[in-house]
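Novice: Got a sequence here, can you build the structure:
(2 chains)
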Amino acid sequence: MRIEVRDLSWGVPGKTIVHDVSLVVEPGETVGLIGPNGSGKSSLLRCVAGLRTPTGGTVLYDGAEIGAWSARDRARKLAFVEQTADTESDLRVAEVVMLGRTCHRSRWRGPDASDHEIVAAALARLDLTGLADRPWKQLSGGERQRTHLARALAQRTSGLLLDEPTNHLDVRHQLELMELAGSTPQTVVVALHDLALAARYCDRLVLMHGGAVVADGPATEVLTAPLLREVFDVEAEIGRDGLGHLAVGYREPVRR
Amino acid sequence: MADAAVLDQDPVVAPAPKSLHGRKNTFVVVLSLVVLVVSLVLAVRIGVGAGWAEIGRAAGSRLGLAVVPLPRLLDSLIWDLRLPRVLLAALVGAALAVCGAVLQSVTRNSLADPYLLGVSSGASTGAVVVVVLGFAGSQLGITGGALIGALVSFGLLMVLLRRTGLDSSRIVLTGVVVGQLFAALTSLILLSSGDADSIRAVTNWLLGSLASARWTSVAVCAVVLGVGLLVVWLCSAALDGFAFGTDTASSLGVDVRATRAVLLVTTSVLTAVAVAAVGAVGFVGLIIPHGVRFLVGPLHRKLLPMSAVVGAVFLVWTDALTRVVFSPLEVPVGVFTALIGVPLFLLVLRKRGEL
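Specialist: Reported below is the predicted structural model:
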């Protein structure tokens, strides 16, 4: 699917958090959303997912404004994984992943065989098959994160929004998750803190600062020392690591 | 790569995991229904000395079947007193347990119970007004007043909650505030114009008693419970989705606001009818859902109907016990639900490893 954001603003009374953002994500593209804490990444993702009503501007899925869409119609197009979605409930892994099938089911029916197949596939994809019957409370942070991602995959959408999905994950699972995000046919927008990870797996990076987009393009154009100094307030050195991947080294700025 | 290819890519896809507690579930459902029916019959028998045959004859003669009618007194005892009482206990127990399960999910608070929304306080204010004004002569007077009071307090709750987005902590806080307001009103009315008799009448009613059960309240409760249970059951998937909070629920395709509104209205009406019929029987709505989650898991598609059945069985037995243990004294059933409920609750918590 094609996601388009036109002149979008959003805020709480007295504070604008997302400021006049315009953005196009082409079908199949994986776009990394980067920026310091409080730069508006999560808020922008929530607006794109239709969870917040923009105070200005619009969001379009495949050219259609989503303003009047029902939650169900949105959920069939686009899945969203929050940064921290926790529960006190005793749900098991497979039951959480099954929540992803909610938008495809009539109220009158329970999960059918095809729902179970899709859930099993999503579990396998995230390396969770052995944990299917594990209660939520017994999961590690990383396992919870992967469960949410499996749930989003089970939603079988053409769009996927991920807010800091690599938090809590060990290195191997970080790489696997980003590999998945980069290779899936879905259109993906992923908010990330790890700039090198973003550069390696995303087709394009969007850099946010103070609620606005300050750069949008390939990693080599966005991750430049002057831009990183302006946005993150660090001195950065961009080079290549031993494997040939783009690497970013930082130090605190020199104050004069 | 097409979407379906994602599936094909995993050659060793494990067989779809069996729905959790799969076979055990069917067994539990059948067993609990059997227990419910047996409980109803046994509860009718207790203290009457009537068996299956007598109950059948009492019912049969009214259905116009060719059975030997019972002696007048026994017939009246079974048909006019015991049967409606037992059925009402079942209906109210079911309604309270279902409301508790729903509200625990909507507010994401495991301490939520049907009285969280202040509906019972509204009902007691209504009942007190009726008693003080002297219309309490007929039991229908208290019931009617309680129903009106409950609906008024619910109306106030909804007015206070409109345009708030029905945020879960807002619901809890507003419910508590409304409850406090009506509790204060009740005390004020009682202190200013109540005498000792009316205070005792109201206190007794508040603790809950099934002694005054009549067929009319059974009929009203049955209809409201039937409709209410269907409505909340159709929201099962949404109630599951609420587990991870508003944003995740909404991204799963749940219309959070509308669903919460429907659920609040339904549970309030259910609670109002239950409280009006028998008073504020405590503890059923709090513990039964927790116990049932332990049996069938947290998914509402199973949790709601099972809560209804277990809540019904629980209240039927509790009421039967109050009749027997303190006979001939009528102890409010609400006193007993807590006495029995607390140890049961602790047992469940311990089994779940939470204590």
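
Novice: Every contact and neighbour count from this point should use C-alpha atoms.
Specialist: Will do.

Novice: which residue sits closest to A:Ile17, ignoring its sequence neighbours?
Specialist: A:Gly11 (4.7 Å; CA to CA, 6 or more residues apart in numbering or on different chains).

Novice: can you check A:Ala94 too?
Specialist: With CA to CA, 6+ apart, the residue lying closest to A:Ala94 is A:Ala132, at 4.8 Å.

Novice: pLDDT weak spots in the chain?
Specialist: Using chain A here. Within chain A, the stretches with pLDDT under 70 are A:255-256.

Novice: Correction: the question concerned chain B.
Specialist: B:1-25, B:47-51, B:135-140, B:194, B:352-355.

Novice: Quick check: the residue of it nearest chain A.
Specialist: B:Gly253 (3.8 Å; CA to the nearest CA).

Novice: and that residue, how many residues sit next to it?
Specialist: 27 (other CA atoms under 10 Å in any protein chain shown).

Novice: which residues sit in contact with it?
Specialist: Contacts of B:Gly253 were listed using CA atoms under 8 Å, 6 or more residues apart in numbering or on different chains, and they are A:Ser70, A:Ala71, A:Arg72, A:Asp73, A:Arg74, A:Ala75, A:Arg76, A:Thr102, A:Cys103.

Novice: Apply 6 Å and report the result again.
Specialist: Residues in contact with B:Gly253 (CA atoms under 6 Å, 6 or more residues apart in numbering or on different chains) are A:Ala71, A:Arg72, A:Ala75, A:Cys103.

Novice: Any chance of a markdown table for these, columns neighbour count?
Specialist: Below are the contacts of B:Gly253 laid out as a markdown table (neighbours: other CA atoms under 10 Å in any protein chain shown):
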| residue | neighbour count |
| --- | --- |
| A:Ala71 | 21 |
| A:Arg72 | 17 |
| A:Ala75 | 29 |
| A:Cys103 | 22 |
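
Novice: For the stretch 251-355 of chain B, just list every one of the helices.
Specialist: B:256-278, B:284-296, B:300-325, B:333-351 (DSSP state H, counting those that start in this stretch).

Novice: so which of those helices comes closest to B:Asp167?
Specialist: helix B:256-278 (8.6 Å; CA to CA).

Novice: A:Cys47: which element?
Specialist: helix A:41-48 (DSSP states H and E).

Novice: Following element in sequence after that helix, please.
Specialist: strand A:56-61.

Novice: Show me which positions of that following strand end up buried.
Specialist: Neighbour counts over strand A:56-61 (16 or more other CA atoms under 10 Å in any protein chain shown) mark A:Thr58, A:Val59, A:Leu60, A:Tyr61 as buried.

Novice: Tell me the strands beside that strand, with direction?
Specialist: Using DSSP bridges, strand A:56-61 pairs in its sheet with strand A:3-12 (antiparallel), strand A:64-65 (antiparallel).

Novice: Alpha carbons only: can I get that strand in CSV?
Specialist: Only the C-alpha atoms of strand A:56-61 are listed here, as CSV (Å, rounded to 0.1, in the frame of the first residue of the first chain):
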residue,chain,number,x,y,z
GLY,A,56,-4.5,19.7,10.6
GLY,A,57,-3.7,17.9,7.4
THR,A,58,-4.7,14.4,6.3
VAL,A,59,-3.5,10.8,6.1
LEU,A,60,-4.2,8.8,2.9
TYR,A,61,-4.0,5.0,2.4
